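A.B. asks: Got a sequence here, can you build the structure:
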Amino acid sequence: MLDAMVIWDEYDEIPCNESHIAEHGLTREEVESVLLNDDAESRTSNSSDRPCMFGWTNTGKFVIVVFEVVCEDPQMLYPITAYEIEP
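C.D. replies: Take a look at the predicted model:
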């Protein structure tokens, strides 16, 4: 997904995907490093049926990122949540 665009809310918007992810101890850059990594594993979330990706962040954390595909062409991804998990 290296050519995808990741969509972030303005930080003062409620709800805000970036602040929600920060509550889980992750940054925008860490989430993007998984979403835009061709080596990350894509699946469907068991709890929400949304697409998700499992992978290593640029800081060495193994995380799951749950997202929505907002547009296919050009590909735009909207992160819903992300959190660290056991590899």
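A.B. asks: SS state for the residue nearest the centre of the chain?
C.D. replies: In the chain, the residue lying closest to the centroid (Cα atoms, centre = their mean) is residue 65, at 3.8 Å. Here residue 65 is recorded as strand under DSSP: H, G, I helix; E, B strand; the rest coil.
A.B. asks: which residues sit in contact with it?
C.D. replies: 31, 34, 35, 52, 53, 55, 79, 81, 82 (Cβ atoms under 8 Å, 6 or more residues apart in numbering). In short, each C-beta sits where N, CA and C put it, glycine included.
A.B. asks: out of those residues, who's nearest residue 8?
C.D. replies: residue 79 (7.6 Å; Cβ to Cβ).
A.B. asks: For the closest one, pull up the helix or strand it's in.
C.D. replies: Under the criterion of DSSP states H and E, residue 79 resides in strand 75-84.
A.B. asks: Please give the element, helix or strand, for the closest residue to residue 29 other than its chain neighbours.
C.D. replies: Closest residue in space to residue 29, ignoring its immediate chain neighbours: residue 58 at 6.5 Å, by Cβ to Cβ, 6 or more residues apart in numbering. Assigned by DSSP H and E, residue 58 belongs to no helix or strand.
A.B. asks: and what of residue 49?
C.D. replies: Judged by DSSP H and E, residue 49 forms part of no helix or strand.
A.B. asks: Let's see the pLDDT reported for it.
C.D. replies: Residue 49 is assigned 94 on the pLDDT scale.
A.B. asks: For it, grab the count of nearby residues.
C.D. replies: For residue 49, the neighbour count with other Cβ atoms under 10 Å is 8.
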